[in-house]
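A.B. asks: Structure for this input, please:
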Amino acid sequence: MFKTGILLLLIFTTGVQSDCQCFQNTVASGRSVSVNNAFDTTNFQPCYTTPCGFIAYSGNDALGWNNVSITWNTIVDPTAILTIYDGIDEKATVLAILKPENSPSSISSSFQSSTASIFVKYTQTIVTSGNIYYGSVQATRNLSGTTSPASPTATPMIF
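C.D. replies: Residues are numbered from 1 along each chain as shown. Sure thing, here's the model as predicted:
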């Protein structure tokens, strides 16, 4: 009876994600920022439960983003999409979309951000297991021109 109970417990708990955490989940800074699959914090196995997204800031307001390189190591869901947005959320203009092709395969995409911050988002359809991927986004592009002040400047009134 005890052995049957243990066997049933193992069967019903196999594949259950106890804590699936995005690799990056807030703001990451630097000229090169890692992009990796989510992982289960109890055993570090790849997982997927919800979309993962984060803001990448170059660390310098005059330095923009211009490249993403991803290696798809193991693909369990070919509908996966890694999207790069020109701004701090997914409401901004799409700069690049990367989808898995073969496993393993490496994909690079060049683009030009207009700001020092981009939003990186990963989604997939299958939620029972995650794709294994890794790579980075790079900021080496000088943003041209000068930026406007955040608030309007006062204009003298002429009488």
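A.B. asks: Burial check on F39, number of neighbours?
C.D. replies: Neighbours of F39 under the rule other C-beta atoms under 10 Å: 20. For glycine as for every other residue, the C-beta is placed from the backbone atoms N, C-alpha and C.
A.B. asks: just D19 next, same as before
C.D. replies: 11.
A.B. asks: now it, nearest residue through space, not along the chain?
C.D. replies: T41 (4.4 Å; C-beta to C-beta, 6 or more residues apart in numbering).
A.B. asks: Could you tell me the model confidence score at the one you found?
C.D. replies: pLDDT, T41: 91.
A.B. asks: what does the helix or strand where L82 lies rub up against?
C.D. replies: Per DSSP states H and E: L82 is located in strand 81-85. For strand 81-85, the external contacting residues (C-beta atoms under 8 Å, 6 or more residues apart in numbering) are 35, 65, 68, 70, 90-99, 109, 111, 118-124, 133, 137.
A.B. asks: who does it pair up with?
C.D. replies: Neighbouring strands of strand 81-85 in its sheet, by DSSP bridges, are strand 94-98 (antiparallel), strand 117-123 (antiparallel).
A.B. asks: got the contact list for the last one?
C.D. replies: Outside strand 117-123, the residues within contact range by C-beta under 8 Å, 6+ apart are 24, 33, 35, 37-38, 51-58, 65, 68, 80-90, 92, 95, 137.
A.B. asks: Show the subsequent helix or strand relative to that strand.
C.D. replies: strand 132-138.
A.B. asks: on contacts alone, who are the packing partners of that next one?
C.D. replies: If you count contacts as 3 or more C-beta pairs under 8 Å, 6 or more residues apart in numbering; DSSP states H and E, strand 132-138 packs onto strand 32-36, strand 67-74.
A.B. asks: Now do the first one against strand 132-138, angle only.
C.D. replies: Yep, that's strand 32-36 we're talking about. 160 degrees (axes from the mean of the first three to the mean of the last three C-alpha atoms, to 10 degrees).
A.B. asks: List of residues touching strand 32-36?
C.D. replies: Residues outside strand 32-36 that contact it (C-beta under 8 Å, 6+ apart) are 23-24, 28, 56, 68, 70, 82, 120, 122, 133-139.
A.B. asks: So for it, what gets flagged as buried?
C.D. replies: The neighbour-count check on strand 32-36 (16 or more other C-beta atoms under 10 Å) flags 33, 35-36 as buried.
A.B. asks: Residue ranges in this structure under the pLDDT threshold?
C.D. replies: The chain contains residues with pLDDT under 70 at 1-18, 145-159.
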